[in-house]
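>>> Structural data only, the sequence is not supplied:
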DNA sequence: CAAACACATAAGCACGTGCTTATGTGTTTG
DNA sequence: CAAACACATAAGCACGTGCTTATGTGTTTG
């Protein structure tokens, strides 16, 4: 059940931060990801392993560096999950999303 | 941080099943939700409390029954979260979602 | 109004999770 | 090639989580 891995991976706020970094910036290696994050090297390594197993990120080994980037496969499962339920009450959700968007600004 | 409550609430497979029931069927009370679910009454009550605190469901007390239904507020946060990242690689995600949809059938 | 009912809550327990320190593995540098 | 580097992994620990049994609270039924 990979869906369960994905939801569990995203349940941790540190991992969501890492995912957000990789989603909004070019590929980074583990050390670069740590900058400005108050997290030890082993902790980062463990979080990256969880995200990798959930297919939310994927690695690209280059010598002694390991570069990470978002893996659309895992994210697609969440996107699909949202789409599945959105169809049940599209108007209510879209109205709410507009409200949330306004709040951001 | 309500976003964290929501992701943590959805990280449990039993709670996702409950949410799915409420999303795809009319409002139900706690006992009706239990039918066909091999879950004790206290366990169900505790799961419903977590979902309620995450604003994924809301309650409507009617005498000694408590009816539950999906609360668009919590779901909207997830939908918004997905939308936020989808914008970074729309073509890749949409292609993948089409693939996943095919796999369902 | 006493019993049954629908649900909530408390306490205890087994197991999961995220961190730490220590150390291992493979690669590059000087 | 020895040291430095980038990262992974192991073991241990504190704390979180989801269940159980027991019991509490409010409502309805006969």
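Looks like it came in fine. Remember, it's a predicted structure, so these values are computed and weren't measured experimentally.

>>> element containing the residue positioned nearest the centre of chain A?
Geometric centre of chain A, nearest residue: residue A:19, 3.4 Å, by Cα atoms, centre = their mean. For residue A:19, the host element (DSSP states H and E) is helix A:13-24.

>>> SS state for the residue nearest to residue A:71 when sequence neighbours are not counted?
Of all residues not flanking residue A:71 in the chain, residue A:58 sits nearest, at 4.1 Å (Cβ to Cβ, 6 or more residues apart in numbering or on different chains). (C-beta placed from N, C-alpha, C; glycine too.) Secondary structure, DSSP: H, G, I helix; E, B strand; the rest coil: residue A:58 is strand.

>>> returning to that earlier point: now the helix holding residue A:19: buried residues?
Buried residues in helix A:13-24, counted by 16 or more other Cβ atoms under 10 Å in any protein chain shown: A:15, A:16, A:18, A:19, A:21, A:22, A:23.

>>> List the contacts of the fourth one.
It stands for residue A:19. Going by Cβ atoms under 8 Å, 6 or more residues apart in numbering or on different chains, residue A:19 touches A:10, A:51, A:56, A:57, A:70.

>>> which ones among the residues you listed come in contact with chain B?
The subset of these within reach of chain B, by Cβ under 8 Å from any Cβ of the partner chain, is A:10, A:70.

>>> Switch the contacts of residue A:19 over to CSV; also include pLDDT and neighbour count.
Output for the contacts of residue A:19, formatted as CSV (pLDDT from 0 to 100; neighbours: other Cβ atoms under 10 Å in any protein chain shown):
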residue, pLDDT, neighbour count
A:10, 98, 24
A:51, 98, 27
A:56, 96, 26
A:57, 96, 25
A:70, 94, 23
